[in-house]
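> I need the structure of the sequence given here:
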Amino acid sequence: MTVSIACFTAAGEALSSRLAQGLAAQGIPVRCRDRLGGGAGPTLGEWTAQGFSADGALVFIGASGIAVRAIAPLVRDKRTDPAVVSVDEQGRFVVPLLSGHVGGANQLARRIAALLGAQPVISTATDLNGRFAVDLWAKQNGVTLEPFSLAKAVSAALLAGQPVGLASDFPLEGPLPAGFSAAGEALGLYLTLGGGRRPFQRTLLAIPRIVTLGLGCRRGTPLAALAGAVDRFLAQNHLHPMSVRGAATIDRKREEPGLTALCAQRGWPVAYYTAAQLAAVEGEFTPSAFVQKTVGVDNVCERAAVLAGGRLLAKKYRESGVTVAAAVQDWRPRLELEEEHG
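Presented below is the predicted three-dimensional model:
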């Protein structure tokens, strides 16, 4: 995460320099803008737009109103909006303004406050009341919430002291946060890879990225055929697309255009293995004499999935020259929040 710092006065500029040095010493990249308003360089609106990205954070040293007006045209979605923090020019108070949990503004505010000897002003209700924040837990554990709109309902119910149901396809470790119940509540959280069932009238899915797809295909298979086969495989095995963390295949498919395009399109890193590496994988796999003769190993998709991703979850699926299999990592979640240190 790159932190972009803006200031508007001489005092703010001195504080900006001090903060930039402190963050850089902690290994955090900093983009520090000289005092704005001098006529040179981008306007405040242009500067804000340049730094307004999901992998960044904005710090405004000055009145909070300046920050609010600068970011207002850019605010879209708490899942993608960056952390925005305001600091007064005397360095007394640090206020997270946007994306406190998902964007990490609360954590950044605490970090900045620790560096400056300031007071972080955290207003997020779950933080203030010591309640479980499902959106923060999801971020800390690489979990996708679907539909995300229900995360607010879950947090609101916990804050109001209303029971929230809990179901999990994975063994849970540690104590449950206050407010969760195994009973059939109207609203609940379901930890799953995306199975078709919905245990509650309103079910918030918590989907971990722990599935690896093993892929194989005939030479020249187009992107559309690969995408269709993968999507049907996921649907038939009740796997949510967001449960997939990456793909794996044999090294001779490294230059396969359709396969490469599919993985790039979906943001999946690809692991490539030699035939010898795949053949050495232990387990029971679906053999193919044709594949053995062609590439030197009896199965590509299942072996590649296991080698890259853990336990075989779904065996080979074949469609129009495409083969797909899935492996899954072991996951034993704890419904606990990591401490956010400054």
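
> if I've got this straight, Leu234 is in a helix?
Yes: counting by DSSP: H, G, I helix; E, B strand; the rest coil, one finds Leu234 located in a helix.

> quick one, helices of this protein?
With helices called from DSSP state H, the chain shows them at 10-25, 44-51, 64-71, 105-116, 125-129, 134-140, 149-159, 223-236, 257-266, 275-279, 289-295, 301-309.

> Mind putting these into TSV with distance to Arg318, mean pLDDT and mean neighbour count?
Any C-beta I mention is one placed from the backbone N, CA and C, and that applies to glycine too. As requested, these are exported to TSV (distance: least, C-beta to C-beta, whole Å; pLDDT from 0 to 100; neighbours: other C-beta atoms under 10 Å):
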stretch	distance to Arg318	mean pLDDT	mean neighbour count
helix 10-25	52	93	17
helix 44-51	48	88	16
helix 64-71	50	94	17
helix 105-116	46	93	22
helix 125-129	47	76	13
helix 134-140	35	90	21
helix 149-159	37	92	18
helix 223-236	8	97	17
helix 257-266	15	98	16
helix 275-279	17	97	17
helix 289-295	11	93	13
helix 301-309	9	96	27
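
> Quick check: which of those is nearest to Gly194?
Closest approach to Gly194 among the helices of the chain (C-beta to C-beta): helix 223-236, 8.0 Å.

> residues in contact with the nearest residue to Leu307 once chain neighbours are set aside?
Nearest non-adjacent residue to Leu307, counting by C-beta to C-beta, 6 or more residues apart in numbering: Val281, 5.1 Å away. Applying C-beta atoms under 8 Å, 6 or more residues apart in numbering to Val281 gives the contacts Arg303, Val306, Leu307.

> Val281 and Ile210, how far apart?
19 Å (C-beta to C-beta, to the nearest Å).

> do Val270 as well
17 Å.

> ok, now Val68?
With distances taken as C-beta to C-beta, Val68 is found 39 Å from Ile210.

> so who does Gln26 touch?
Applying C-beta under 8 Å, 6+ apart, we find Gln26 in contact with Arg111.

> And the pLDDT for it?
What the model reports as pLDDT for Gln26 is 94.

> for the one 5 residues further on, same thing?
Confidence at Arg31, expressed as pLDDT, is 84.

> switch to numbering from 704
Okay, using 704 as the starting number, the last item reads as Arg734.

> correct me, but it touches Thr705?
Yes: look at Arg734 against Thr705 with C-beta atoms under 8 Å: they come within range, at 5.7 Å.

> Now do the shared contacts for the two.
Common neighbours of Arg734 and Thr705, using C-beta under 8 Å, 6+ apart, are Gly754.

> What's the local residue count around Val790?
Neighbours of Val790 under the rule other C-beta atoms under 10 Å: 27.

> ditto for the one 5 residues further on
Residue crowding around Arg795 was assessed by other C-beta under 10 Å; the count is 12.

> List the residues that contact the nearest residue to it once chain neighbours are set aside.
Excluding the flanking residues, the one nearest Arg795 by C-beta to C-beta, 6+ apart is Ala821, at 5.6 Å. For Ala821, the contact set (C-beta under 8 Å, 6+ apart) comprises Val790, Gly794, Arg795, Phe796, Val797, Ile815.

> Next, Ala821: phi, psi?
Main-chain dihedrals, Ala821, degrees, to the nearest 10: phi -110, psi 180.

> Repeat that for the one 5 residues further on.
The phi/psi pair for Ser826 (degrees, to the nearest 10) reads phi -110, psi 0.

> From Pro972, how far out is it?
To Pro972, Ser826 is 38 Å away according to C-beta to C-beta.
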